[in-house]
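Enquirer: Could you work out the structure for the sequence below:
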Amino acid sequence: MTLSRLYPELANGQKMEPKDYTITALPALTDNYIWIISNNKDAIVIDPTIAKPVSQYLQQHNLKLKAILLTHPHGDHIGGVAELVNLFQPQVVDNFKGQLSDDMLVSIDGFPGFRIITTPGHMYEHVCYLLDSTHLFCGDTLFSLGCGRVFTGDFQAMYNSLNKIKALVNSNSGLSNLNTNANDLQLKKTILCYPAHEYTMRNYEFTVAIDDGNNKYYEPLSANINSRLLTTGISLPVNLEDELNYNLFLRTDDPRIWPIVGAKAGVQVEDAFSCFYHLRQLRNNF
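Expert: Model prediction:
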C-alpha cells in the first residue's frame, strides 16, 4: 500500500486526483452526494443513496466495488446498499451496532487507511471516515457552513462531535497509524470535508442572517460559493480551516459570537454549548 502525499488544487468541483486515488461526487435525489474513491481498478463508496449511479459509474470506469462505508443508517444514505451488495458483494463497514470506536483504522487493499471518528448527535451510530489523514467524509455531522440536525436530542453529543472535528486541524492524532514520518506532517496541512448534502448556499444565507452586522466578512466566501456552483454545480469539498473561520457552528467557543446568537434567539448566551444549542434551534426554524 502506498500513501498519497499530494495536495492538488481542485480542477473542478467534482473531482480530486491525488497520486493514488480519485474522489468523485455522484449527485443523487434532491441534494445528496454519493462519494466514490477509486484507483485504476477498485472503488470504495460512501453512503450510496441509490444504486443506479454507482453501478453505472463502476461499469463506465471498469471498476470493482471493494467496500461500502456508511456514516449512519438514514434511508437517504443506505438506500442503494442492498442492491449494490447483491450485484458486487463488497465489504460493508458501519457502526449500526456501535461496533466501531475512535481511531480504529479501516484498511482496504489498494487504498490508504480510513481513520474512524465516532460522531454521535445527528444519530447515535454516526461515524466519520478520515481517509489518508486528509479527506474527511463527514456524512450529516458537518456541512459546509452548517451542521446536521440533532435527531437524537442529545445536543451535548453533537457539540462534542463537532469539537472532535475541529481538533483535527491542530492534531496529528492518527497520523502515526499510517506510518507517517515527521516530514509528512509539513505536507499534511489541509483537511478537506466531504458532507453528504449540498446545503452550502442555504447555510450561507443563514450565516449572514444571524451575523448580519458582519456581511463584508463573508463576501469573499459568497463569491467563491457562487463561482463553484455556477461552473461545476457543486460547492464541495470544503477546507476545514475555512469552516473554522466561517461556520458559526464551529465558532461557538468565540465569546464575540455569543451576544449575536443570544440577540437572535432572545436569550442570554454565556457559554459555548449554550451558543451551539440556540444556534441549532435557530437553524431548525430558518
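
Enquirer: What residues does Y33 make contact with?
Expert: By Cβ atoms under 8 Å, 6 or more residues apart in numbering, the contact list for Y33 reads 25-27, 194-198, 234, 236. Where C-beta positions appear, they are placed from N, C-alpha and C, glycine not excepted.

Enquirer: Let's see that with 7 Å instead.
Expert: Under the criterion of Cβ atoms under 7 Å, 6 or more residues apart in numbering, the contact partners of Y33 comprise 25-27, 196-198, 236.

Enquirer: Out of the residues you listed, give me the two with the largest separation.
Expert: The span of those, defined through Cβ to Cβ, is set by L26 and H197 at 13.2 Å.

Enquirer: which regions of the stretch 51-200 of the chain lie under the pLDDT threshold?
Expert: 171-189 (pLDDT under 70).

Enquirer: so where do the strands sit in it?
Expert: 64-69, 91-93, 105-106, 114-118, 127-131, 135-139, 142-143, 146-147, 192-195 (DSSP state E, counting those that start in this stretch).

Enquirer: Turn those into CSV, columns for distance to I34 and mean neighbour count.
Expert: Supplementary listing: the strands of the stretch 51-200 of the chain in CSV, determined by distance: least, Cβ to Cβ, whole Å; neighbours: other Cβ atoms under 10 Å:
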stretch, distance to I34, mean neighbour count
strand 64-69, 10, 21
strand 91-93, 15, 16
strand 105-106, 18, 16
strand 114-118, 16, 23
strand 127-131, 14, 26
strand 135-139, 11, 26
strand 142-143, 16, 26
strand 146-147, 20, 27
strand 192-195, 11, 24
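
Enquirer: I'd like the ones you listed written out as TSV, with distance to E205 added.
Expert: Listed next are the strands of the stretch 51-200 of the chain as TSV, based on distance: least, Cβ to Cβ, whole Å:
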stretch	distance to E205
strand 64-69	31
strand 91-93	35
strand 105-106	36
strand 114-118	29
strand 127-131	25
strand 135-139	21
strand 142-143	13
strand 146-147	11
strand 192-195	17
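
Enquirer: among those, which is nearest N245?
Expert: The closest of the strands of the stretch 51-200 of the chain to N245 is strand 192-195. By Cβ to Cβ, the value is 13.3 Å.

Enquirer: That closest one pairs with which strands?
Expert: Applying DSSP bridges, strand 192-195 is found paired with strand 135-139 (parallel), strand 238-239 (antiparallel).

Enquirer: Just give me how far the lengthiest helix in the chain sits from the chain centre.
Expert: Among the elements of type helix in the chain, defined by DSSP state H, the one spanning the most residues is helix 215-232. For helix 215-232, the gap between its own C-alpha mean and the chain's C-alpha mean amounts to 19 Å (Cα atoms, centre = their mean, to the nearest Å).

Enquirer: so where do the helices sit in the protein?
Expert: Counting by DSSP H, the helices of the chain are 52-60, 75-78, 81-88, 155-167, 182-187, 200-210, 215-232, 240-246, 258-265, 272-284.

Enquirer: could you redo these as TSV and give each row mean neighbour count?
Expert: As requested, the helices of the chain are arranged in TSV below (neighbours: other Cβ atoms under 10 Å):
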stretch	mean neighbour count
helix 52-60	15
helix 75-78	17
helix 81-88	16
helix 155-167	19
helix 182-187	10
helix 200-210	18
helix 215-232	13
helix 240-246	17
helix 258-265	17
helix 272-284	19
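
Enquirer: Adding distance to S38, write the ones you listed out as a markdown table.
Expert: Compiled in a markdown table, these are given as follows (distance: least, Cβ to Cβ, whole Å):
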| stretch | distance to S38 |
| --- | --- |
| helix 52-60 | 8 |
| helix 75-78 | 19 |
| helix 81-88 | 13 |
| helix 155-167 | 25 |
| helix 182-187 | 23 |
| helix 200-210 | 25 |
| helix 215-232 | 19 |
| helix 240-246 | 23 |
| helix 258-265 | 42 |
| helix 272-284 | 34 |
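
Enquirer: Please parse the protein into its domains.
Expert: The chain breaks down into these domains under automatic domain parsing: 15-195, 200-284.

Enquirer: For stretch 139-150, measure first residue to last.
Expert: The straight-line separation of the ends of stretch 139-150 (Cα to Cα, to the nearest Å) is 13 Å.

Enquirer: I260 is in contact with R251, correct?
Expert: No. No contact is recorded between R251 and I260 when judged using Cβ atoms under 7 Å, the distance being 10.0 Å.
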